[in-house]
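**Q** 3D model of this:
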Amino acid sequence: MSSLNPNSEDLLWTPSNPSQTQTSLFREHLNSSHSLSLSSYEDIYNWSISHRAEFWSALWDWEKVIGEKGNHVVNEKASPEDNPPWFEDSRLNWAENQLRHSSTYPDDIAVIQLSESTSSYTPPTKRITQKELNILVGQAQRSLVRAGARKGDRIGFWGGNVLEAVVLVLATSSIGCIFSSAASDFGVDGVKERLDQIQPRLLFVTNGVVYNGVVRPLLPLLPKLLESLKTPPEKIVVIDHLPEGLVPSLQELEEKVERWDEWLDDTEGETTFERLGFNDPIWILFSSGTTGKPKAIVHRQGGMLLDSLREHHLAGDIGRGDVFFYYTTPGWMMVQYLISSLSTGATIILYEGSPLKDPAYLFNMIDEYGITIFGTSAKWLEVISKTYPNVKDHHELKTLKQILSTGSPLPGGLFDWIYRDVKEDVMVGSITGGTDICSVFAGRNTCLPVYRGEIQSRMLGFALDTDGLPNQPGELICNEAFPIEPLGFWPLEGYGFSEEEVEVAKKRFKESYFKGEKGTWYHGDYVRITPSRSSNSGGILMLGRSDGVLNPGGIRFGPTDIYSVLEGPKYSELGVEETLVVGLMVEGGADEKVVLFVKMKENRTLDEGLVKKIRTDIRLARSARHVPSKIIQVSDIPVTLTNKRVEVPIRKLINGASISSINPSTLRNPHCLEEYVKLGDKMRKEEGMDG
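**A** Here you go, the predicted model:
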């Protein structure tokens with residue numbers, strides 16, 4: 001598929017036949033159908049943002065969207081803050097397009113479900129064909145209607161990454177209901193915070209999951225959850241993911257719940273699809289909510305369909321014959337990202353369990369199931385590079401074409417490790433977008449080369465820039481309206497909530513993404529857009545979240561500048577397990593000092609020699625301004641439930657904020673926060689900032 005170019009130090013991969021990629025074929029189609037002369041990715045990118053209505057309309061046709069497109073696309077004069085409607089007179093259904101291959105290729109495998117084992121239980125592998133998936137969706141659809149669900153109702157899910165969740169997303173969309181999910185590790189408080197905001201008519205719960213070899217039942221938590229909800233669901237349906245004997249079956253719940261197999265309609269019937277508006281809501285995703293109530297982000301039906309086709313098929317060349325896996329949980333938008341690739345005809349793989357109990361497990365999956373596109377997090381890749389470094393010596397990985405990474409910036413050292421120790425002939429697609437847009441603003445494209453440490457390209461149709469000077473770091477912004485902008489925060493108007501609640505949600509939405517008078521979307525990422533190379537229109541270097549930017553002495557830089565120096569086999573061998581860098585306010589708040597917290601491996605100590613080496617390596621790799629003023633060993637580094645470091649809350653804590661300002665239910669290890677409070681008190685006294 002590719003070859004390395006030894007003449008460029010940071011060029012790691014080039015496509016072997018770029019002219020036959022979907023993006024190049026689409027460019028030729030545009031030239032023919034629109035009388036254009038686009039000759040490169042840079043040309044098509046510039047055209048797509050200056051002719052957005054024509055681009056998205058042409059994409060609809062190219063991807064053969066099922067539905068009526070109509071004549072309207074968008075008012076191109078409207079700003080992102082105006083949040084204009086798209087394709088106002090179109091009618092479509094997201095689920096109908098996801099299941100469109102069930103009639104043409106009914107025997108193709110649509111979904112493979114895998115789950116972690118315990119010492120006494122080995123779960124079966126489930127394989128579901130396109131036809132079987134369509135039938136299951138029809139059964140669930142009829143069951144939802146029988147239960148009184150109708151357009152606009154919310155349908156909740158709490159549990160594991162299982163086949164039934166996929167069926168529910170599709171069935172919910174098919175009748176115009178709104179899906180929302182929480183992962184099994186959220187706990188009662190985390191689930192309550194979400195369900196209280198959306199008030200689902202029905203709630204589906206898996207009876208338990210296995211993680212790291214340990215059975216984790218959910219049913220014992222259900223009574224406490226139901227008692228705590230302001231408006232409990234009308235019906236609870238339990239999905240028996242684990243067999244009886246592994247998880248308790250509570251007698252007190254028997255009259256309150258229905259089992260999935262009993263609830264699922266067993267009559268024969270066609271799966272039907274209600275054609276909906278492009279701008280009708282499809283699902284609600286939640287932000288992490290570490291420093292406040294999670295934001296309930298409402299996404300639009302047509303935007304999720306059209307852009308997923310752009311992402312998976314046009315940019316990613318995923319299609320029939322591909323096997324797509326992304327390690328995720330139902331608490332992360334990557335579930336929707338994965339399921340949305342069904343529209344391409346690919347097989348998707350679900351995995352419920354730990355990705356690290358056996359570091360070889362996911363690589364074994366690639367070999368056994370012929371995975372072609374493998375998605376994970378930068379954090380998982382970092383851990384594997386330290387604990388299971390020589391992957392290519394143990395696995396063939398013959399089918400693997402793409403490795404996708406998200407969740408946090410992928411440092412250059414991990415690019416090097418992948419191409420050296422995993423596979424040379426593979427496209428590494430570092431991607432960025434997030435829950436806010438439930439998609440990708442910048443990421444992979446099979447027609448472009450891969451450069452070390454860079455996201456390959458800005459995605460077609462998104463007018464991305466920074467608020468800084470050219471080739472200088474700045475906050476990632478989108479200057480023009482785009483079809484995957486959320487409809488807003490829940491509640492929206494017209495769904496039975498008070499006018500006051502709706503107005504509060506509108507105000508919070510505006511404060512979250514917009515500032516100034518131009519109506520520009522501020523995404524919250526601190527990045528640098530590189531000069532164009534190989535006509536890629538500029539790659540993107542991720543430097544951190546914009547609210548975590550460091551600014552000692554007026555020199556702004558992102559935490560990634562520090563992490564990338566310290567993350568790798570060298571420091572792992574020296575005992576460094578994890579790091580966190582934040583700013584401590586000094587001189588009455590006029591300046592700040594960089595503080596580096598270091599978690600060491602068990603029985604290892606951050607001694608003076610290691611501190612000196614850290615300072616020296618950061619100075620040599622970056623600059624003297626980047627060297628932390630304080631380097632402190634801590635017992636743990638706080639992370640979210642999806643294992644993301646939380647710079648902003650810890651920055652607040654060490655600068656005097658109350659521990660109550662952080663939502664503990666959003667963290668995997670909230671017990672460590674008290675240590676940072678004490679360290680903050682000590683540092684502020686040392687700096688004369690305790691008054």
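
**Q** tell me which helix or strand residue 210 sits in.
**A** Using DSSP states H and E, residue 210 sits in strand 208-211.

**Q** what pairs with that strand, and is each one parallel or antiparallel?
**A** According to DSSP bridges, strand 208-211 forms sheet pairs with strand 214-217 (antiparallel).

**Q** show the subsequent helix or strand relative to the strand it pairs with.
**A** helix 222-228.

**Q** buried ones in that following helix?
**A** 222, 225-226 (16 or more other C-beta atoms under 10 Å). For every residue, glycine as well, the C-beta is placed using N, CA and C.

**Q** what comes into contact with that helix?
**A** Defining contact as C-beta atoms under 8 Å, 6 or more residues apart in numbering, one finds that helix 222-228 is touched by 188, 191-192, 195, 205, 232, 236, 250, 252-253, 256-257.

**Q** which residues in the stretch 351-500 of the chain form strands?
**A** For the stretch 351-500 of the chain, the strands defined by DSSP state E, counting those that start in this stretch occupy 373-377, 402-406, 427-430, 432-434, 439-443, 450-451, 457-458, 464-466, 474-478, 488-489.

**Q** neighbouring strands - and their directions - for the fourth one?
**A** So the one you mean is strand 432-434. strand 439-443 (antiparallel).

**Q** so how far is the strand it pairs with off the chain centroid?
**A** Put simply, strand 439-443 sits 10 Å off its chain's centre (C-alpha atoms, centre = their mean, to the nearest Å).

**Q** and what about residue 167, helix, strand or coil?
**A** Following DSSP: H, G, I helix; E, B strand; the rest coil, we place residue 167 in the helix state.

**Q** next up, the contacts around it.
**A** By C-beta under 8 Å, 6+ apart, the residues touching residue 167 are 133, 136-137, 140.

**Q** cool, and residue 113?
**A** Going by C-beta under 8 Å, 6+ apart, residue 113 touches 125-126, 128, 162-163, 349-350, 352.

**Q** run the last query once more with 10 Å
**A** 123-128, 160-166, 241, 348-352 (C-beta atoms under 10 Å, 6 or more residues apart in numbering).

**Q** what's the pLDDT at the closest residue to it other than its chain neighbours?
**A** Closest residue in space to residue 113, ignoring its immediate chain neighbours: residue 126 at 4.0 Å, by C-beta to C-beta, 6 or more residues apart in numbering. As predicted, residue 126 sits at a pLDDT of 97.

**Q** other SSEs contacting the top helix by length along the chain?
**A** Under DSSP state H, the helix in the chain containing the largest number of residues is helix 130-146. If contacts are counted by 3 or more C-beta pairs under 10 Å, 6 or more residues apart in numbering; DSSP states H and E, helix 130-146 sits against helix 94-98, helix 101-104, strand 109-115, strand 126-129, helix 163-174, strand 202-206, helix 260-263.

**Q** kindly recompute the last result at 6 Å.
**A** Contacts defined by 3 or more C-beta pairs under 6 Å, 6 or more residues apart in numbering; DSSP states H and E place helix 130-146 against helix 101-104, helix 163-174.

**Q** closest to residue 442 out of the contacts of helix 222-228?
**A** Of all the contacts of helix 222-228, the one with the least separation from residue 442 (C-beta to C-beta) is residue 191, at 32.0 Å.

**Q** quick check: the closest one touching residue 158?
**A** Yes. Taking C-beta atoms under 6 Å as the definition, residue 191 is a contact partner of residue 158 at 5.4 Å.

**Q** intersection of neighbour lists for the two?
**A** By C-beta atoms under 6 Å, 6 or more residues apart in numbering, residue 191 and residue 158 have these common neighbours: residue 182.

**Q** more neighbours: which of these two?
**A** More neighbours surround residue 158 than the other of residue 191 and residue 158, with 29 against 26 (other C-beta atoms under 10 Å).

**Q** any idea of the pLDDT on the residue nearest to residue 599 when sequence neighbours are not counted?
**A** Leaving out its chain neighbours, the residue that sits closest to residue 599 by C-beta to C-beta, 6+ apart is residue 578, at 4.4 Å. pLDDT for residue 578: 93.

**Q** wait, is residue 578 part of a strand?
**A** Yes. Assessed by three-state DSSP, residue 578 belongs to a strand.

**Q** what's around it, how many residues?
**A** Per other C-beta under 10 Å, the neighbour tally for residue 578 reads 20.

**Q** got it, and residue 383?
**A** 18.

**Q** what sits against it?
**A** Under the criterion of C-beta under 6 Å, 6+ apart, residue 383 has no contact partners.

**Q** mind checking how far it is from residue 354?
**A** Using C-beta to C-beta, to the nearest Å, residue 383 is found at 12 Å from residue 354.

**Q** same thing with residue 443?
**A** From residue 443 over to residue 354 the distance is 26 Å, taken as C-beta to C-beta.

**Q** more neighbours: the two, which one.
**A** residue 443 (23 against 15).

**Q** is the more buried one bridged to anything, and to what?
**A** Applying DSSP bridges to residue 443 gives these bridge partners: residue 457.

**Q** surely it touches residue 431?
**A** Yes. Here residue 443 reaches residue 431: they are 3.3 Å apart, a contact under C-beta under 6 Å.

**Q** tell me the contacts of residue 341?
**A** Neighbouring residues of residue 341 by C-beta under 6 Å, 6+ apart: 312, 318, 324.

**Q** same thing but at 7 Å, please
**A** Contacts for residue 341 (C-beta atoms under 7 Å, 6 or more residues apart in numbering) come out as 312, 318, 324, 348.

**Q** what's the answer for residue 390, then?
**A** residue 421.

**Q** what's the answer for residue 545, then?
**A** Here residue 545 is in contact with 524-526, 647-648 (C-beta under 7 Å, 6+ apart).

**Q** measure it to residue 41 for me?
**A** 28 Å.

**Q** test my guess that residue 190 contacts residue 663.
**A** No. Under the criterion of C-beta atoms under 7 Å, residue 190 is not in contact with residue 663, lying 8.5 Å apart.

**Q** the two: which is more packed in?
**A** The neighbour comparison of residue 190 against residue 663 (other C-beta under 10 Å) goes to residue 190, with 24 against 19.

**Q** so what's that one closest to, chain neighbours aside?
**A** Excluding its sequence neighbours, the residue lying closest to residue 190 (C-beta to C-beta, 6+ apart) is residue 665, at 4.1 Å.

**Q** the one you found belongs to a helix?
**A** Yes. Residue 665: assigned to a helix according to three-state DSSP.

**Q** separation between it and residue 183?
**A** Distance, residue 665 to residue 183, using C-beta to C-beta: 12 Å.

**Q** out of those two, which sits in the busier spot?
**A** Legend: neighbour count by other C-beta under 10 Å for residue 665 and residue 183, higher for residue 183 (22 against 17).

**Q** quickly list what the more buried one is bridged to.
**A** Here residue 183, judged by DSSP bridges, has bridge partners residue 159.

**Q** do I have it right that it meets residue 328?
**A** No. Using C-beta under 7 Å, residue 183 is not in contact with residue 328, being 9.0 Å away.

**Q** okay, now the unreliable bits of the stretch 151-300 of the chain?
**A** Applying pLDDT under 70 to the stretch 151-300 of the chain picks out residues 290-291.

**Q** which residue, other than its chain neighbours, is closest to residue 120?
**A** Among residues not flanking residue 120 along the chain, residue 246 sits closest, at 7.9 Å (C-beta to C-beta, 6+ apart).

**Q** please disregard the earlier target; I meant residue 47.
**A** Of all residues not flanking residue 47 in the chain, residue 38 sits nearest, at 6.0 Å (C-beta to C-beta, 6+ apart).

**Q** what do you get for residue 164?
**A** Counting by C-beta to C-beta, 6+ apart, the residue nearest residue 164 is residue 239, at 4.8 Å.

**Q** contact partners for the one you found?
**A** Going by C-beta under 7 Å, 6+ apart, residue 239 touches 159, 162, 164, 204-207, 260.
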